[in-house]
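Peer 1: fold the following and give me the result.
(chains A, B, C, D, E and F)
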Number of protein chains: 4
Amino acid sequence: MSGERRPGRPRSEESRGAILAAALEGLREHGFAALTIEGIAGRAGVGKQTIYRWWPSKADVVLDALLDQAEETIRVPDEGSLRADLTAFLGATFRQTHQRPVLVGLMGQALLDPGFALAFRERFLFRRRGTLRELFDRAISRGEIAAGVDPELLVDVVYGVLWYRLMLDHAPLDGAASRQLTELVLRAVR
Amino acid sequence: MSGERRPGRPRSEESRGAILAAALEGLREHGFAALTIEGIAGRAGVGKQTIYRWWPSKADVVLDALLDQAEETIRVPDEGSLRADLTAFLGATFRQTHQRPVLVGLMGQALLDPGFALAFRERFLFRRRGTLRELFDRAISRGEIAAGVDPELLVDVVYGVLWYRLMLDHAPLDGAASRQLTELVLRAVR
Amino acid sequence: MSGERRPGRPRSEESRGAILAAALEGLREHGFAALTIEGIAGRAGVGKQTIYRWWPSKADVVLDALLDQAEETIRVPDEGSLRADLTAFLGATFRQTHQRPVLVGLMGQALLDPGFALAFRERFLFRRRGTLRELFDRAISRGEIAAGVDPELLVDVVYGVLWYRLMLDHAPLDGAASRQLTELVLRAVR
Amino acid sequence: MSGERRPGRPRSEESRGAILAAALEGLREHGFAALTIEGIAGRAGVGKQTIYRWWPSKADVVLDALLDQAEETIRVPDEGSLRADLTAFLGATFRQTHQRPVLVGLMGQALLDPGFALAFRERFLFRRRGTLRELFDRAISRGEIAAGVDPELLVDVVYGVLWYRLMLDHAPLDGAASRQLTELVLRAVR
DNA sequence: TACTAAGCGAGACGGTACGTCGAGTCTTCCG
DNA sequence: CGGAAGACTCGACGTACCGTCTCGCTTAGTA
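Peer 2: Prediction:
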């Protein structure tokens, strides 16, 4: 189907993998700001051009690496109630916050580079919003959310708190935080 | 005390002003990412060294410029009720979102540069949190907030939504948003 | 002899022609320095490998193109006297100086690349020397050249002046120059 | 006079010297073609920018190095006769042909790069021509050169043979060559 | 009619150097 | 001693070509 063969030497899957891996390694070792295309290329044993041929910036490489690795989007199985659903969702999400350096680096870049911001929104942020939104839609159809409560605002509240804490790093994102936030949302939708 | 006269030529107030002004101009014209120390110095008619002598990075210059200009911190006069207080606070805050490029640029830099993150938190973010916190403390003493509701989480909710929308730019930060958020918080604290 | 048929697809005469033509075009339009194998391949609608299979460098391509086109080596019919022979030879040679960019480019490359220098000497420069040398040998057998005059030095004088002017471009290579040089040589061999 | 002091840090004589020296070394070791700005900078312990600030290309660096070192232009003391003058001049000139790689490299570059060709002509080739021209002018005023002989052509003959042999490297540039060429010129000007 | 062998266009690959930009530092002279 | 000027080293940028390496396809001679 998408197996159409283009002429010329095909893209090297090996190089692609090496680049994404090198990006994540470099990021973990020295942080997003210290990451350079030249460094990634060197570590991956790859020419710079091979990176520039497929990605417009280091942020796009890292984004691909992130998506590649965490392919399994946050699952939202129907747990029967908003409380259960939210608890499961926040648990799964908070468990991923060891990714903090990656996430915070990408967001930093997005805030400084409007071009990358677009890709980051479309390919990451909005997709995650979508998952959470479904969860609230389900609660609405169950009658758990009072009329007049905008589910989009609820999404903003949950992800707002999440990102705000990720960025400021002034409060934990653990089980207790998860429970607190769940209760707050439940009170707010009555 | 601070009136002590150090030997040698005193710092030039003129240069300081020119630098802060040049930083803001450059930022407005080409964005935070395109801002450079060299560019600021050139525009301000100042040697690079003069900037490096007083600020560690371009972000610190911009932060100073921001604080210098918006010295009047968000006021929180006691309006008599949480609803009124919150409405006033959000109104005043949202009215400042024409500063979006500055705020978003500074946050972006903070996410990439831990050194600046420190300064940004202490001198800007935490101070703003403090203002909002006072407002909630007043509501607690009025008995408007149910026991068991952590006022810190409330602060995170309000600033979380604010920053999340500032960053994603997917929903407005206007009067309607202000009202919606106020109502949500009020429901959540009952 | 060379008619042996090797197995496999035979070399494409069409591609060979397209490559030589593209090389000359590119050379005329942007100069020798701006000529690249990649550019020639693109212009000729040919894969890079096809060029590398048959020529070691861009200079060799251009040399082939030059020899291909100006196959008719400078003729040296016996005109009966050294003066007549020289006049004819210089006339024919100088008439070819519209090739200046090609010649100068090839010489430039030869001066920088010893590998190509070899090919350039053998296939071009020394052949031309040979033609002129014959002319002087004829004059010697006619007794027009005094004993003790090294005909090789005479060749160097003629081609030396020719190349020196081609390279410096400070004096014309026209009919007058041709006559002047002829007279000088005649005086020098008495 | 030229001692006017410009503001700012003055150019580093140390760096200038290191760059010229590094250029000559690199040239001698690996040849002109293998010389790179990056290599020169590295060897000289200097930033690339410092080279680009003062020279437009590697050829200009090498030209400066050549002129710097061989500041003592070929001397042309009046020896009393054309034969003596020419012998002295050719002797001095031929004795410098250990510079062959430098000279040939510069000429090669000049033939490929019209921009550099200009500098090379003005600052090197034409100056040398001038020296030789003076020598012939002296001979004219002595009555040693027949009327109707263009001294410019004589210069072209001498430098033509010199450069032609430098480039083709097919015949020596030694004492014998010097004498042969002198005699040829003397015969040609009678 | 297949099979083998090479040439072909296309284009991705690992490299090297390019020329530029800005960082942060150093060195001059002037107020 | 602060400040404007501007040269310094350094590191990364994004680009251009190099010469090499697959791909699938074509074009021959051979079986």
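
Peer 1: which residues does the residue nearest the centre of chain A contact?
Peer 2: For chain A, the residue nearest the mean C-alpha position is residue A:124 (4.9 Å; C-alpha atoms, centre = their mean). Contacts for residue A:124 (C-beta atoms under 8 Å, 6 or more residues apart in numbering or on different chains) come out as A:63, A:66, A:67, A:106. From N, CA and C alone the C-beta is placed, and that goes for glycine too.

Peer 1: hmm, try it at 7 Å
Peer 2: Shown in contact with residue A:124 (C-beta atoms under 7 Å, 6 or more residues apart in numbering or on different chains): residue A:63.

Peer 1: for the residue of chain A found nearest DNA strand E, which three-state class applies?
Peer 2: In chain A, the residue that lies nearest DNA strand E is residue A:8 (2.1 Å; C-beta to the nearest atom of the strand). Three-state call for residue A:8 (DSSP: H, G, I helix; E, B strand; the rest coil): coil.

Peer 1: taking chain A, what residue is nearest to chain C?
Peer 2: Nearest to chain C in chain A, going by C-beta to the nearest C-beta, is residue A:8, at a distance of 9.4 Å.

Peer 1: state the distance from that residue to residue A:19.
Peer 2: 20 Å (C-beta to C-beta, to the nearest Å).

Peer 1: ok, now residue A:115?
Peer 2: Residue A:115 is 20 Å from residue A:19, by C-beta to C-beta.

Peer 1: which one of these two has more residues nearby?
Peer 2: residue A:19 (25 against 12; other C-beta atoms under 10 Å in any protein chain shown).

Peer 1: quick check: closest non-adjacent residue to that one.
Peer 2: residue A:44 (4.8 Å; C-beta to C-beta, 6 or more residues apart in numbering or on different chains).

Peer 1: neighbours of the one you found, just the number please.
Peer 2: 22.

Peer 1: that one contacts residue A:18, doesn't it?
Peer 2: Yes. If you go by C-beta atoms under 7 Å, residue A:44 and residue A:18 touch, sitting 4.0 Å apart.

Peer 1: can you tell me the element residue A:75 falls in?
Peer 2: Under the criterion DSSP states H and E, no helix or strand holds residue A:75.

Peer 1: swap in the one 5 residues further on?
Peer 2: With the criterion set as DSSP H and E, no secondary-structure element contains residue A:80; it sits in neither a helix nor a strand.

Peer 1: just to revisit the earlier point, any idea how far the residue of chain A closest to chain C is from residue A:75?
Peer 2: Distance from residue A:8 to residue A:75, counting by C-beta to C-beta: 40 Å.

Peer 1: same thing with residue A:63?
Peer 2: From residue A:63 to residue A:75 the distance is 21 Å (C-beta to C-beta).

Peer 1: of the two, who's got more company?
Peer 2: Neighbours were tallied for residue A:63 and for residue A:75 using other C-beta under 10 Å; the higher tally belongs to residue A:63 (22 against 9).

Peer 1: dump the residue contacts of the more buried one.
Peer 2: A:106, A:119, A:120, A:123, A:124.

Peer 1: any of those buried? List them.
Peer 2: A:106, A:119, A:120, A:124 (16 or more other C-beta atoms under 10 Å in any protein chain shown).

Peer 1: the contacts of residue A:63 in helices, which ones?
Peer 2: Secondary structure from DSSP state H places A:106, A:119, A:120 of the contacts of residue A:63 in helices.

Peer 1: if I look at the second one, how far off is chain B?
Peer 2: Translated: residue A:119. Counting by C-beta to the nearest C-beta, to the nearest Å, the gap between residue A:119 and chain B amounts to 13 Å.

Peer 1: so which strand or helix has the residue in chain A positioned nearest to chain D?
Peer 2: At 14.2 Å from chain D, residue A:38 is the closest residue in chain A, using C-beta to the nearest C-beta. Element membership for residue A:38 (DSSP H and E) is helix A:37-44.

Peer 1: the helix or strand that that helix is followed by and DNA strand E, are they touching?
Peer 2: Where DSSP H and E defines the elements, the next helix or strand beyond helix A:37-44 is helix A:48-54. Yes. Applying C-beta under 7 Å from any atom of the strand, one finds helix A:48-54 touching DNA strand E at A:48, A:49, A:50, A:53, A:54.

Peer 1: per-residue pLDDT, the nearest residue to residue A:114 once chain neighbours are set aside?
Peer 2: Using C-beta to C-beta, 6+ apart and skipping the chain neighbours, the partner closest in space to residue A:114 is residue B:31 (7.7 Å). pLDDT, residue B:31: 94.

Peer 1: repeat for residue A:73
Peer 2: Value for residue A:73, per-residue pLDDT: 66.
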